[in-house]
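Novice: What follows is a predicted structure for the sequence shown.
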Amino acid sequence: MAERKLTNWGNYPELISNVRSFDTTGMVEKLCIEEKHWIARGMGRCYGDASLGQNVLSTLKYNKVTFFDVQSGVIECQAGFTLDEVLQLAVPKGWFLPVTPGTKFVSLGGAVASDIHGKNHHKEGSFSRHTLNIKVLCGDGKIYECSRTENSDLFEATCGGMGLTGVILSVRFQLKKISTSYITQKQIKASNLDELIVLFEKYKEYTYSVAWVDCLARGKKFGRSILMLGEHSELDELKGSKTKAPLKVHSEAGLNIPFNFPSFVLNKYSIKLFNFAYYHKNLKKLQENIVHYDGFFYPLDNIRNWNRMYGKPGFLQYQFVLPLDQIDGLKVIMNRIAEKKQGSFLSVLKVFGAQNDLISFPEEGYTLALDFPITDSLLEFLDELDKIVEDCGGRIYLTKDARMNKDFFHKSYPRLEEFMQIVNKYNPNAEFKSVLSDRLSITK
Amino acid sequence: MRTVLLLGATSDIGQALADKYAKEGYTVWLAGRNTSHMQDIASDLKIRHEANVEYYKFEALDYASHQKFYSDLPGVPDITVCIFGYLGDQEKAEREWNVCQNILDTNYKGAVSILNLIANSYEEKSAGTIVGISSVAGDRGRQSNYFYGSAKAGFTVYLAGLRNRLFKCNVHVLTVKPGFVDTKMTEHLDLPAPLTAQPEKVATAIFKAVKKRKNTIYVLGIWRLIMTIITSIPEPIFKRLKL
């Protein structure tokens, strides 16, 4: 057996796993008969332990696009096909991802299993809203097709279900029509959190919105931030060289971080300095320009292996959502982070629109995501934050998680019982399970 | 439009070659056992590269079917790449004849049977390129894989002979010794990363070597060095080594 050391994007935790890949349904069916307790894994871009397990089924070789209608923008791909590849194919034809996270190096299987969300969540929802049909290999060894109308229970539990209903084999979804591959961007500086919240409300009609927040700033500058808004540019907005190739695709990453940085590189001073520079790089309060989608959506994709900046111990990304009326809770949490001087460079705040799916993370409210390098006191600190999130009626994104305790999880996902029943129906003997599903007692 | 025939198209190297040639604008004919798999590969290439792709069922071990398979193709391909192979289980093959036979037949007889036909048709046309994926395992017999290795050694010699025979009629024969490749066939092995090539790298190397009409290539240069050392160790010493 091929035993391999495996970690996901946060480099924490690390596990020795038996990793197998497949490129036909016959092959994956055979593997699932030979061995139990698999978890599917694509690009490993979830941060924590969601796609780690004793037996890991890599979908990366199962990566064909099997259908693409250029007229309607409907596309069907096998689970290992990545968003990067979708963009390369679709953008020149005038189509774009309906929903995209902050990296394009995500497999479609992973996109469904995490029910990814993006900067347009408040307007266009999460990925499942654009998903037409999914094929899943379930615990009984059969392949099921599911959609909102066919085997809808399986569909609902698979979107955001972290691979626990079975192996997601293929995904059919609706792309979004674009006239150019550029984004008309507006950046507005907010000198504190209250100002930012007002701005979010004022500009809620924008398709894309997200704010970078300086989580270390305190006092009057508490929550100073840059709100970034965007719309797909129309042809007549482009000027100069951009008009020659209005549907230009992204290019390959430039920089690479070749090794783990020593852990002293990131400390409260370097992060403070970065945040100061990042905030002040925009001299004007309001700045408008036209940028390529690659820079707008995927600024970090340009630095390959940026996760190595956090050094060998790795990092945790903490992302929670609080209901809209819990703005005070958000302040309490941000205050605790500023006090603790534990912020990261890219702390991202966004307002989610309404969503009430079975197990998907997004729900209407404020979501904040930040990275913390692993330190001795971090786990304890995050438990403390969990408590506040819990009291505010919020919850944590499983895709980013590697440490939440199961009681909090069970309390914070109101439809969990229903989800677990469906998992139990399609995956009754924990044929599919992960470190995460064991840790959170979703599977036995 | 130039045409490439890929024998063993569903292997990782086969898929990487199909992708490379389709991207370069060739018409690609996939040949293999698993038609539904080839159908997926074909639709992928058509969608991503807008390429001309067809697929044909081909069974390497059914020698009698080879003539019909080749005649049924819509034409004579400009390039034929023989990719299929079977690593097998060395230890099992030491005890079970059918396992051993399968290794020998797939890697040697199956390849020879189909390439004989193709060589003849290329000779007649005085044009064409035959690429055989052999192996560094064929450079010297070692206890860990000598069934596979000896079949590939035979295949290497066969290709050399073909090259010698067909040189005068302008037919190019390329022998490829990829070294370790990260594929489904080797996934269960713990391969050292610096010596292991990705299938895409193998495909690019083959594409270039065909253009340059090379005779034999090792995909990673280091393998030429390694195999030079391995083949130069005197047998009295070599037989004592655990390789």
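Specialist: In hand now; what should we look at? Residues are numbered from 1 along each chain as shown, chains lettered A, B, ... in the order given.
Novice: other SSEs contacting the one helix or strand residue B:116 maps to?
Specialist: Taking DSSP states H and E as the criterion, the element that holds residue B:116 is helix B:111-125. With contacts defined as 3 or more C-beta pairs under 8 Å, 6 or more residues apart in numbering or on different chains; DSSP states H and E, the packing partners of helix B:111-125 are helix B:66-72, strand B:79-82, strand B:129-133, helix B:146-166. Backbone N, C-alpha and C define where each C-beta goes, glycine included.
Novice: Take those and write them to TSV, including distance to chain A, mean neighbour count and mean pLDDT.
Specialist: Formatted as TSV, the helices and strands packed on helix B:111-125 follow (distance: least, C-beta to the nearest C-beta, whole Å; neighbours: other C-beta atoms under 10 Å in any protein chain shown; pLDDT from 0 to 100):
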stretch	distance to chain A	mean neighbour count	mean pLDDT
helix B:66-72	21	14	98
strand B:79-82	19	25	98
strand B:129-133	18	24	98
helix B:146-166	19	19	98
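Novice: Residue A:231 is nearest to which of those?
Specialist: strand B:79-82 (48.1 Å; C-beta to C-beta).
Novice: Can you give the distance of that closest one from its chain's centre?
Specialist: Relative to its chain's centre, strand B:79-82 lies at 8 Å (C-alpha atoms, centre = their mean, to the nearest Å).
Novice: Same check on stretch B:108-121?
Specialist: Mean-position distance between stretch B:108-121 and its chain equals 12 Å (C-alpha atoms, centre = their mean).
Novice: do the same with stretch A:35-44
Specialist: Distance, stretch centre to chain centre, for stretch A:35-44: 18 Å (C-alpha atoms, centre = their mean).
Novice: contact partners of that stretch?
Specialist: A:6-9, A:18-19, A:31-32, A:51-60, A:79-80, A:82, A:105-110, A:113, A:163, A:167-168, A:429-434, A:437 (C-beta atoms under 8 Å, 6 or more residues apart in numbering or on different chains).
Novice: same thing but 6 Å
Specialist: Residues outside stretch A:35-44 that contact it (C-beta atoms under 6 Å, 6 or more residues apart in numbering or on different chains): A:8, A:51, A:53-59, A:105-107, A:109-110, A:163, A:167, A:431-434.
Novice: Likewise for stretch A:169-179?
Specialist: In this structure, residues lying in contact with stretch A:169-179 by C-beta under 6 Å, 6+ apart are A:73-76, A:78-79, A:90, A:94-96, A:98, A:108, A:112, A:130-135, A:137, A:232, A:234-235.
Novice: okay, how far is it across it, tip to tip?
Specialist: With C-alpha to C-alpha, to the nearest Å as the measure, stretch A:169-179 spans 31 Å from end to end.
Novice: can you check stretch B:85-103 too?
Specialist: Terminal-residue distance, stretch B:85-103 (C-alpha to C-alpha): 8 Å.
Novice: Return the mean pLDDT over that stretch, rounded to an integer.
Specialist: Taken as a whole, stretch B:85-103 has an average pLDDT of 96.
Novice: quick one: buried residues of that stretch?
Specialist: By 16 or more other C-beta atoms under 10 Å in any protein chain shown, the buried positions in stretch B:85-103 come out as B:85-90, B:93, B:99-100, B:102-103.
Novice: Please apply the same query to stretch B:226-238.
Specialist: For stretch B:226-238, burial by neighbour count (16+ other C-beta under 10 Å) applies to B:226-227, B:230.
Novice: Repeat that for stretch B:41-59.
Specialist: B:41-49, B:51-53, B:55-56, B:58.
Novice: what comes into contact with that stretch?
Specialist: Applying C-beta under 6 Å, 6+ apart, the external contacts of stretch B:41-59 come out as A:64-66, A:68, A:89, B:22-23, B:27-33, B:35, B:38, B:65, B:69.
Novice: which residues of the stretch 301-444 of chain A score low on pLDDT?
Specialist: A:343, A:345 (pLDDT under 70).
Novice: What residue in it comes nearest to chain B?
Specialist: residue A:305 (15.4 Å; C-beta to the nearest C-beta).
Novice: Which phi and psi values does that residue adopt?
Specialist: Note on residue A:305: its backbone torsions stand at phi 60, psi 40 [degrees, to the nearest 10].
Novice: That one reaches residue A:258, doesn't it?
Specialist: No - between residue A:305 and residue A:258 there is no contact under C-beta atoms under 6 Å: 7.5 Å.
Novice: More neighbours: the two, which one.
Specialist: Neighbours per residue, other C-beta atoms under 10 Å in any protein chain shown: of residue A:305 and residue A:258, the larger number sits with residue A:305, 14 against 8.
Novice: Quick one: residues contacting that one.
Specialist: Contacts of residue A:305 (C-beta under 6 Å, 6+ apart): A:256-257.
Novice: got the contact list for the helix or strand that residue A:330 is a member of?
Specialist: Residue A:330 belongs to helix A:327-340 when elements are defined using DSSP H and E. Defining contact as C-beta under 6 Å, 6+ apart, one finds that helix A:327-340 is touched by A:215-216, A:218, A:322, A:343, A:366, A:385, A:388, A:392.
Novice: which other residues reach the next helix or strand after that helix?
Specialist: Downstream of helix A:327-340, the next assigned helix or strand under DSSP H and E is strand A:347-352. Outside strand A:347-352, the residues that touch it by C-beta under 6 Å, 6+ apart are A:121-122, A:200, A:210-211, A:213, A:215, A:362, A:364-365, A:367-370.
Novice: and the angle for strand A:347-352 with helix A:327-340?
Specialist: 170 degrees (axes from the mean of the first three to the mean of the last three C-alpha atoms, to 10 degrees).
Novice: Show me which residues of strand A:347-352 are buried.
Specialist: By neighbour count on 16+ other C-beta under 10 Å, the buried set for strand A:347-352 is A:347-352.
Novice: just the helices in chain B please.
Specialist: Secondary structure of chain B (DSSP state H): helices at B:12-23, B:35-49, B:66-72, B:90-95, B:97-104, B:111-125, B:146-166, B:199-211, B:221-232, B:235-238.
Novice: cool, chain A as well?
Specialist: With helices called from DSSP H, chain A shows them at A:25-34, A:83-90, A:108-113, A:121-124, A:152-158, A:193-202, A:268-280, A:293-297, A:327-340, A:378-391, A:406-412, A:416-426, A:435-439.
Novice: Distance of the residue of the stretch 201-350 of chain A found nearest chain B relative to residue A:89?
Specialist: Closest contact between the stretch 201-350 of chain A and chain B, by C-beta to the nearest C-beta, is at residue A:249 (12.4 Å). From residue A:249 over to residue A:89 the distance is 9 Å, taken as C-beta to C-beta, to the nearest Å.
Novice: Also residue B:130?
Specialist: Distance from residue B:130 to residue A:89, by C-beta to C-beta: 33 Å.
Novice: just residue B:101 next, same as before
Specialist: Distance from residue B:101 to residue A:89, by C-beta to C-beta: 44 Å.
Novice: just residue A:251 next, same as before
Specialist: On the measure of C-beta to C-beta, residue A:251 and residue A:89 end up 15 Å apart.
Novice: So between these two, which is more surrounded?
Specialist: The residue with more neighbours, out of residue A:251 and residue A:89, is residue A:89; 22 against 9, by other C-beta under 10 Å.
Novice: quick one, what contacts the more buried one?
Specialist: Counting by C-beta under 6 Å, 6+ apart, residue A:89 touches residue B:48.
Novice: Check what pLDDT it gets.
Specialist: 97.
Novice: next one: the one 5 residues further on
Specialist: For residue A:94, the pLDDT comes out at 98.
Novice: OK, contacts around it?
Specialist: Residue A:94 neighbours (C-beta under 6 Å, 6+ apart): residue A:178.
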